[in-house]
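>>> for reference, the sequence and a predicted model appear below.
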There are 4 protein chains.
Amino acid sequence: MSVHRFEPEFFYNTIGAHSPVLHISDGDSVFTNTIDAHGLDKKGDTVAKRGNPMTGPFYIEGAEPGDALAIYLDYIYPNRNWGWTANATAVNVVEPQFIQNLNKREILRWDINLQDGIARISEVAPPLDKLKFSLAPFMGCFGVAPSQGQTISTETSGNYGGNMDYRGFVAGTIVYFPIFVEGALLHFGDGHAFQGDGEILGTGLEVSMDIRFTVKLIKQKKIRWPRGESATHIFTVGNARPLEQAVQHATTEMLHWLTEDYNLSMTEANILLGQCVEYELGNIYNPAYTMVCKVKKAILSEIGQI
Amino acid sequence: MSVHRFEPEFFYNTIGAHSPVLHISDGDSVFTNTIDAHGLDKKGDTVAKRGNPMTGPFYIEGAEPGDALAIYLDYIYPNRNWGWTANATAVNVVEPQFIQNLNKREILRWDINLQDGIARISEVAPPLDKLKFSLAPFMGCFGVAPSQGQTISTETSGNYGGNMDYRGFVAGTIVYFPIFVEGALLHFGDGHAFQGDGEILGTGLEVSMDIRFTVKLIKQKKIRWPRGESATHIFTVGNARPLEQAVQHATTEMLHWLTEDYNLSMTEANILLGQCVEYELGNIYNPAYTMVCKVKKAILSEIGQI
Amino acid sequence: MSVHRFEPEFFYNTIGAHSPVLHISDGDSVFTNTIDAHGLDKKGDTVAKRGNPMTGPFYIEGAEPGDALAIYLDYIYPNRNWGWTANATAVNVVEPQFIQNLNKREILRWDINLQDGIARISEVAPPLDKLKFSLAPFMGCFGVAPSQGQTISTETSGNYGGNMDYRGFVAGTIVYFPIFVEGALLHFGDGHAFQGDGEILGTGLEVSMDIRFTVKLIKQKKIRWPRGESATHIFTVGNARPLEQAVQHATTEMLHWLTEDYNLSMTEANILLGQCVEYELGNIYNPAYTMVCKVKKAILSEIGQI
Amino acid sequence: MSVHRFEPEFFYNTIGAHSPVLHISDGDSVFTNTIDAHGLDKKGDTVAKRGNPMTGPFYIEGAEPGDALAIYLDYIYPNRNWGWTANATAVNVVEPQFIQNLNKREILRWDINLQDGIARISEVAPPLDKLKFSLAPFMGCFGVAPSQGQTISTETSGNYGGNMDYRGFVAGTIVYFPIFVEGALLHFGDGHAFQGDGEILGTGLEVSMDIRFTVKLIKQKKIRWPRGESATHIFTVGNARPLEQAVQHATTEMLHWLTEDYNLSMTEANILLGQCVEYELGNIYNPAYTMVCKVKKAILSEIGQI
């Protein structure tokens, strides 16, 4: 259970079967960093191409197709004092008739106070000069090499993860991915200092990040879509377009989870889920949309299943 | 500003241009009750046809097309000590390939302790016998007569409200509807004692309710979709299929609201919304789906706009 | 088997449980006319409100819920020498990013030569001055009163018919609707002199029409969606949004038809349909979209099923 | 302008930046063959993995990103006397409620009479024993390496082509693709001896094929989606899910084509398209759906634009 320090030198704009940059073992941790969605690093230098260049991939020894990979997001925090967002809602998130009313899309610079954990727009007239947000940093795009030897743009997402832009992927969260290739080949990038639901501007507060993660292999564990665990919830992630299909994947995976790992019959799982399910919207900007299906751990605990 | 008591005697399964059951004035309150989605009243007697029979419509004096109607949901609480849910997720909410794995759909009876505000399944084996939920009663289906003289089934929803099944419509909430006909013609029904997001079983905890509401006319106020206000948020409601379109309606209506009533430019409204928007899923079972777009009042207050 | 002549005097913009304008018997024919989608009659006078005002409803004696209604479209032809179209594709039919490139939507007048059966744009610069189309007149919007006592705008469509804008509904076609109310209550309107697939401009060549139809009751015949029969094909019609759902309704109804009326097992019907199905796009402009699923009669004949 | 003969020895199940199997020049022709969707060759031997293994890629000398590639489909014909189909409609093509009524999915063998150009099910009871279809062979899956260095499963499709299963891709057709990588990297496979619209069973009549094609480079020609040309039509191809989005891509690309290459203004292109557009459904089975947008050459000729 070593801790590795890894300084990335080049970055892929796809997730797939690239040569690994580091081999690590089950239980190991890695302290590394990610650059922003336009390829700017902590010094503001452009070191990679747009969009969403990835740090990695990391090869996990012993990982095989059919296993699941647990990733403990130990630490995620901006490593520079500024970031940027867009300023206009994406055309696919408003009514077609309204698109012409949207303002012209431009980039907006934000100041990040790393000590206080606060961000503000750098130069802006009232009333937005009074706007300030607490940082809630998360990974926008991460995942493992997809099935069938595919190499897929970091614009989109699928059962292998990818550009999910779900603001629940904060430090303290455990994320589970199915493994499709030997070594799993884990990629990270597109950190956001905070964001509303849906990434409706096509950006969060885009910034380079220092991150630390720990991997744990679960041998011969079949999962079909990403899963996660926060302090309060278990959750599943569906990535697809249209949005209904993302709902279907996330809901189906949750029913699998409740019946396969929580000792509930199909009927019990359905009754439970119907009363307590919570949905949260990840990315609704990119080719695939993301919907998250959540169940409170307290409820599973109440009925003695955890 | 009178308070009316109204005891319903018949119930429509459509929302539309029916003869009003009561005429009330701007500012008036009505104390009345609703029956459950299958037409069962507080005594358990079947007094109307399935599904979602409505109490009303109430005619608001002075209401005209082009006005908006504010409805203060003063009180919503079950008036009997039992309810029911389905026990299987709707076929459109899981992957098509998974449908055959779902349990057979049956009706499940629940006991409601009105004093403690708790519900449990009436007779069920472990571990679900330990399951209990706090009541969080809300209106599943309500709205005003639609545009163009339409009369529409209470299964579905639209810009006039309808079967939105959004669990945010609890007592204490203000809801705004556009008005399409003289008198507005307000209908209420389909109360749920609680429910997860999405009404994914096709039911909440279905129960008859005592309700009290107060109406307030806003003359010559153009809104295009339902809006609402809770203690903490303003919100807009989009009702459509596919779900993307519901997102588009809700998001567009929020941009209208922020720019027309909160003194923000289009650019400012977009910047703000991108960073702080929250989405919540109402009905994803019936012909039209419901998506809610929310903004925290605290943020609007922080920038001095409320 | 009488032939009625009916001259309409007022027109509904909804399809539903309106008072019938004429009672007819099983086997009867009606010779009447329809006005255009903006309410202009054969003289060019505005005699009704936009959009899609309906002639009817016609009450068919003996029609009851659970029956099906066969409508023989005997004759459909423009009764004036001009019509109109829009000139810009609907915003929902192009990529959201492209909408701003579309030309401004305006109305274009066309000359119709009733004798030669040809239409041309009235005044237009080269090269469109050379454009001429043969008339292929059809009914854009027609149907029976919907289920549950609903009254629904002629903008949209459903299992009761409505605004399907399918250019296959020409004279010579038989159309079948499920019957939801006593008398069926048949409405007709929105005639188009011709049109491309999809009604992508939101208009066909809009014109008032002389029409003749004959009705035939099929007692206790369960169909779920509109069906039709041309000289060469049998077809089913799905009306819904999103378009996938329209495909699902039409395909499912065709499988019902093949297994219930053509003496094929489910497996046989599936094998057959997979090899020979044809789809045609009706309306992709209005709230509900229309997809038509067709099977060649020659194939059914080849295998001895007709 | 050489003619190459190429005998494939291995087959990729993805379309992407694989090492080319043959370098050819602008104007060259290639005579080669493809194996069926399950990897069976002309002798019935399994020589590759499921699904849709590709012959190629072929590197076209001088092809660069920003160019377009014209592919003349000179010859496509089965090279063995049997094929196979599935026997059940895909679950996403019928109503969710109907899925349980579908027959169990099995594989069906067909005899192909290569001389007469006729196919029949090999062993089947009446009445399907009388069913016979004329061959109408086409390529189900072909395209060029995608943008951004992606390598994508042959299950799906995009602006680079892929698994479109459009039955219009017969011999005699010219197909145009945008070029994303040097050499274009052209792949071919998944031949179908015939098929209904939509590939609703998830298969056409799957068979190995002899094919001949000729390539022609169009330097610095920007197209955004596949285009094609038959004896009678020009057409564009949109590949996406949901189906509406495929319609949007195809329609937008057609408007680009008409305004950029046929000397029509945007208004003229819209007027024309609205009156004469035809849509045809390609694949509605796989991750991305395919819609084709067609315009008759005769109409373009009538107005003097070709």
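Looks like it came in fine.

>>> residue numbers of the stretch 51-200 of chain A in contact with chain B?
Counting by Cβ under 8 Å from any Cβ of the partner chain, the positions of the stretch 51-200 of chain A adjacent to chain B are A:85-89, A:92-96, A:98, A:101-103, A:108, A:121, A:126-128, A:130-133, A:194-198, A:200. Every residue, glycine included, has its C-beta placed from N, CA and C.

>>> next step: those restricted to helices.
In this view, these have no member that belongs to helices under DSSP state H.

>>> for stretch A:109-125, measure first residue to last.
13 Å (Cα to Cα, to the nearest Å).

>>> can you check stretch A:236-249 too?
Chord length of stretch A:236-249, first to last residue, is 9 Å (Cα to Cα).

>>> now do the helices in chain A.
Using DSSP H, helices in chain A cover A:243-261, A:266-276, A:297-302.

>>> does chain D have contacts with the second one?
So that's helix A:266-276. No - figure legend: helix A:266-276 not in contact with chain D (Cβ under 8 Å from any Cβ); closest approach 15.3 Å.

>>> quick revisit: ChimeraX command for the buried members of the residues of the stretch 51-200 of chain A next to chain B?
This is how ChimeraX selects the buried members of these, with burial counted by 16 or more other Cβ atoms under 10 Å in any protein chain shown:
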select /A:85,86,87,88,89,92,93,94,95,96,98,102,108,121,127,128,131,132,133,194,195,196,197,198,200
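
>>> near chain C, which of the residues of the stretch 51-200 of chain A next to chain B show up?
A:92, A:96.

>>> can you tell me which of the residues of the stretch 51-200 of chain A next to chain B are in strands?
Here DSSP state E is the test, and those give A:85-86, A:108, A:121, A:133 as lying in strands.

>>> which two among those are spaced furthest apart?
The largest separation in those, counting by Cβ to Cβ, is between A:Ala86 and A:Phe133 at 15.5 Å.

>>> now, among the ones in strands among the residues of the stretch 51-200 of chain A next to chain B, which is nearest to chain C?
A:Ala86 (14.6 Å; Cβ to the nearest Cβ).

>>> close to chain C: what parts of the stretch 51-200 of chain A are there?
Contacts of the stretch 51-200 of chain A with chain C, taken as Cβ under 8 Å from any Cβ, map to A:91-92, A:96-97, A:99-100.

>>> change it to 6 Å
By Cβ under 6 Å from any Cβ of the partner chain, the residues of the stretch 51-200 of chain A that approach chain C are A:91-92, A:96-97, A:99.

>>> C:Arg50: which of those residues is nearest?
A:Gln97 (17.6 Å).

>>> for that closest one, give its distance to D:Ala246.
Relative to D:Ala246, A:Gln97 is positioned 21 Å away (Cβ to Cβ, to the nearest Å).

>>> more neighbours: these two, which one.
Between A:Gln97 and D:Ala246, counting by other Cβ atoms under 10 Å in any protein chain shown, D:Ala246 is the more crowded of the two (29 against 13).

>>> can I get the ones in strands among the residues of the stretch 51-200 of chain A next to chain B in TSV including pLDDT and distance to A:Ala145?
Output for those, formatted as TSV (pLDDT from 0 to 100; distance: Cβ to Cβ, whole Å):
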residue	pLDDT	distance to A:Ala145
A:Thr85	98	30
A:Ala86	97	29
A:Leu108	97	34
A:Ile121	97	38
A:Phe133	96	34
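
>>> let's have the residues you listed in CSV, adding distance to D:Gln220.
Shown next, in CSV, are these (distance: Cβ to Cβ, whole Å):
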residue, distance to D:Gln220
A:Thr85, 35
A:Ala86, 31
A:Leu108, 35
A:Ile121, 41
A:Phe133, 46
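
>>> quick check: the residue lying closest to A:Gly140 once chain neighbours are set aside vs B:Val292, distance?
Excluding its sequence neighbours, the residue lying closest to A:Gly140 (Cβ to Cβ, 6 or more residues apart in numbering or on different chains) is A:Asp190, at 3.5 Å. To B:Val292, A:Asp190 is 27 Å away according to Cβ to Cβ.

>>> ok, A:Ile112 - contacts?
Residues in contact with A:Ile112, defined by Cβ atoms under 6 Å, 6 or more residues apart in numbering or on different chains, are A:78, A:81-83, A:119.

>>> what about 8 Å?
A:78, A:80-83, A:118-119, A:135, A:193, A:205, A:207 (Cβ atoms under 8 Å, 6 or more residues apart in numbering or on different chains).

>>> and it, how close does it get to A:Asn81?
In this structure, A:Ile112 and A:Asn81 are 5 Å apart, going by Cβ to Cβ.

>>> again with A:Gly140
Taken as Cβ to Cβ, the span from A:Gly140 to A:Asn81 is 19 Å.

>>> next one: A:Val247
According to Cβ to Cβ, A:Val247 stands 38 Å off from A:Asn81.

>>> then A:Ile271?
Applying Cβ to Cβ to A:Ile271 and A:Asn81 gives a distance of 50 Å.

>>> same question, A:Thr236
Taking Cβ to Cβ, one finds A:Thr236 at 36 Å from A:Asn81.

>>> out of these two, which sits in the busier spot?
A:Thr236 (26 against 14).

>>> just the pLDDT for the residue nearest to the more buried one when sequence neighbours are not counted.
Counting by Cβ to Cβ, 6+ apart, A:Thr236 lies nearest to A:Glu253, which is 4.0 Å off, once chain neighbours are set aside. Here the pLDDT value assigned to A:Glu253 is 98.

>>> what about A:Glu253, neighbour count?
So A:Glu253, with other Cβ under 10 Å, has 24 neighbours.

>>> residues touching it, list them.
Counted by Cβ under 8 Å, 6+ apart, A:Glu253 has contacts A:223-225, A:227, A:236-238, A:293.

>>> what segments of the stretch 151-300 of chain A are strands?
Taking DSSP state E, counting those that start in this stretch, the strands of the stretch 151-300 of chain A run over residues A:152-153, A:157-158, A:161-163, A:174-178, A:186-192, A:209-218, A:227-229, A:233-240, A:278-281, A:289-296.

>>> columns distance to D:Gly158 and mean pLDDT on top of those, output as JSON lines?
Listed next are those as JSON lines, based on distance: least, Cβ to Cβ, whole Å; pLDDT from 0 to 100:
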{"stretch": "strand A:152-153", "distance to D:Gly158": "10", "mean pLDDT": "98"}
{"stretch": "strand A:157-158", "distance to D:Gly158": "14", "mean pLDDT": "98"}
{"stretch": "strand A:161-163", "distance to D:Gly158": "15", "mean pLDDT": "98"}
{"stretch": "strand A:174-178", "distance to D:Gly158": "23", "mean pLDDT": "98"}
{"stretch": "strand A:186-192", "distance to D:Gly158": "21", "mean pLDDT": "98"}
{"stretch": "strand A:209-218", "distance to D:Gly158": "31", "mean pLDDT": "98"}
{"stretch": "strand A:227-229", "distance to D:Gly158": "28", "mean pLDDT": "98"}
{"stretch": "strand A:233-240", "distance to D:Gly158": "15", "mean pLDDT": "98"}
{"stretch": "strand A:278-281", "distance to D:Gly158": "25", "mean pLDDT": "98"}
{"stretch": "strand A:289-296", "distance to D:Gly158": "17", "mean pLDDT": "98"}
